[in-house]
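Colleague: Just need the structure, nothing else, for what follows:
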Amino acid sequence: RAGHRHAGPVTPHGILSRLCVRRVHPGQPPSILESPIRARQCRYQRVQVGLQTLEAKLHVAKRQIRKLENRKDPIKICFIGCGKFVSMFLAQYNHLDKIQIDSIVDINVNQAKKNCLKSGLNEQTVDDINFSNSLDEVLDRDIEIFIEATGNPIVGTVHAAKIIKNKKHVILVNVEADITCGKYLSDLAKDKGVICSMAYGDQPSLILEQVEWARLNGFSIVCAGKGTKYHPTFEYSTPDTVWGHYGLTKERAEKESGMNPKMFNSFLCGDKSAIEMCAVSNAANLKCPSNGLTFPSVGVYDIAKKMIPKNDGGLIEFDGQVEVISSIDLEKKDIPNDLRWGVYIVIKAQNEYVKNCFKDYGMVTDASGNYSAIWRPYHYIGLELAQSVYSIALDNRATGYTKNYNADVASFAKKDLKVGEKLDGEGGFCARGRLITSEKSKKEMILPLGLTDNAILKRDISKDDVIRLDDVELNLPAEVIEARKYQYNLLNSSDQN
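Modeller: Residues are numbered from 1 along each chain as shown. As a prediction, the model looks like this:
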């Protein structure tokens, strides 16, 4: 069926990441696998459990496929921003069933059209899409779901608020807007009877999927996070130095692949990790480390051993927190079995019987046997964004959304900054982000990283010093001012829900 745009199957929310189960590490103590016969029995048991799980997921898949087959009208969508993430979706578009791109909004329409063609759409398909450089021009069209993918938190918040107030669903590929104003937007969507969803394919949504699986099945979440390539020296990387760290030339990265140097620098310098863990903290009600993310170098078979509380021999500060693990060590050497592109959770056995089950079925655990981990080795970014579209259109369900205002991303000076200097946002030359609690953010009036773009300094700031709201001159839209005020006010309330 490949090659026919309205003939492909839909994968249900949950099936992919939950099928990425662990295998026993070759160096793990044998536990009950004492004999070849017993080893074969246990392998057989694990296969049987896996097949039963697969059967249950396929049942869900069949139910969603039936819904899709019974749907007569296409799912009309609109993209706002047509960069790398959206281009990856476009590359899958010809194989998706009943999704129809009605409009694409971009400040550079000609480049957006080129991106469509480069992603594999033919000229007729591109001609059938309505292109515009203004959201206001497409708001009244017959569009079911808008996908905000500009990457700009201020502009993205304005767009999302307009869409929601127009009683249309929105998917926030724009994680930056989500962590800056996401609680306001989610509550606004609930009030208007629509959905404001995280984007499936981005790591926060995939982590939320694992967290949801664990909690539904009675496990407590000890730690949740993702992998990345991190080194302390990367924190001072800029868009001018970024490609050397990736082993790419500027020509290869920017001209051939259309990669944004600021965005990819954000992945490297730690900004994106802070942003995505802020999103997970706010969506899953998990704690932040007191002094920001620590990026320990941990391979997948050590996650259950190390990403547990310090009083149990691990590395994390709290039971129930977020953390990012690095794929390289302090000497910048790759560690074995890294999780650079993936996501993970750590769960805890609630009683002795569950602990014994971990052992009986060869699950990776810590030395005590109390903690186990599951992980997904990759995320497919825009290639799997359709999951969010189908989840909303068929099940009226978000693939993750902001439920709390637990965390913010604070701004710290990347270099000595001078009065009158204009800041340039995430992944730029001026500021870097650090995950902090929302209480600390409000109490100390710290400038969120999402508000740094085009902020003008009113005083000098030394390298590595925190930047506060009264250090800068801001010219924010009314929607952003309202959203931040709403979220600050929630901290005075005992119930954010």
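
Colleague: Return the distance of Leu216 relative to Tyr401.
Modeller: Leu216 sits 16 Å away from Tyr401, taking CB to CB, to the nearest Å as the criterion. All C-beta spots, glycine's among them, are computed from the backbone N, C-alpha and C.

Colleague: How about Phe89?
Modeller: 20 Å.

Colleague: Gly420 now?
Modeller: Between Gly420 and Tyr401 the computed distance is 39 Å (CB to CB).

Colleague: ok, the two, which is more surrounded?
Modeller: The neighbour comparison of Gly420 against Tyr401 (other CB atoms under 10 Å) goes to Tyr401, with 23 against 11.

Colleague: tell me the contacts of the residue lying closest to that one once chain neighbours are set aside?
Modeller: Excluding the flanking residues, the one nearest Tyr401 by CB to CB, 6 or more residues apart in numbering is Ser186, at 5.1 Å. Listed by CB atoms under 8 Å, 6 or more residues apart in numbering, the contact set of Ser186 reads Cys196, Tyr401, Thr402, Lys403.

Colleague: ditto for Ala189
Modeller: Ala189 touches Ile164, Val170, Ile195, Cys196, Tyr401, counting by CB under 8 Å, 6+ apart.

Colleague: 6 Å instead, please
Modeller: Ile164, Cys196 (CB atoms under 6 Å, 6 or more residues apart in numbering).

Colleague: most centrally placed residue in this protein?
Modeller: Nearest to the mean C-alpha position of the chain, by CA atoms, centre = their mean, lies Pro204 at 2.8 Å.

Colleague: Tell me which stretches of the stretch 251-400 of the chain form strands.
Modeller: Ranges of strands within the stretch 251-400 of the chain are 321-326, 343-348, 371-376, based on DSSP state E, counting those that start in this stretch.

Colleague: Turn those into TSV, including distance to Cys288 and mean pLDDT.
Modeller: Conversion of these to TSV gives the following (distance: least, CB to CB, whole Å; pLDDT from 0 to 100):
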stretch	distance to Cys288	mean pLDDT
strand 321-326	7	98
strand 343-348	16	98
strand 371-376	20	98
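
Colleague: Quick check: which of these is nearest to Leu449?
Modeller: Smallest distance to Leu449 across the strands of the stretch 251-400 of the chain (CB to CB): 15.8 Å, for strand 321-326.

Colleague: helices and strands around that closest one, which ones?
Modeller: Applying 3 or more CB pairs under 6 Å, 6 or more residues apart in numbering; DSSP states H and E, one finds that strand 321-326 contacts strand 220-228, helix 271-284.

Colleague: Please identify the most buried of the ones you listed.
Modeller: Mean neighbour count (mean count of other CB atoms under 10 Å) peaks for helix 271-284 among the helices and strands packed on strand 321-326, with a mean of 27.

Colleague: how about the helices and strands packed on strand 321-326, which one is nearest Gly182?
Modeller: helix 271-284 (6.3 Å).

Colleague: hang on, isn't Val175 packed against Ala279?
Modeller: Yes: Val175 lies in contact with Ala279 (CB atoms under 6 Å); the separation is 5.5 Å.

Colleague: which residues are common contacts for these two?
Modeller: Common contacts of Val175 and Ala279 (CB under 6 Å, 6+ apart): none found.

Colleague: hang on, the earlier thing: what's the spacing between the residue nearest to Tyr401 and Arg376?
Modeller: Noted for Ser186: a distance of 24 Å to Arg376, by CB to CB.

Colleague: and what of Gly420?
Modeller: For Gly420, the distance to Arg376 equals 46 Å [CB to CB].

Colleague: got the end-to-end distance for stretch 104-121?
Modeller: 14 Å (CA to CA, to the nearest Å).
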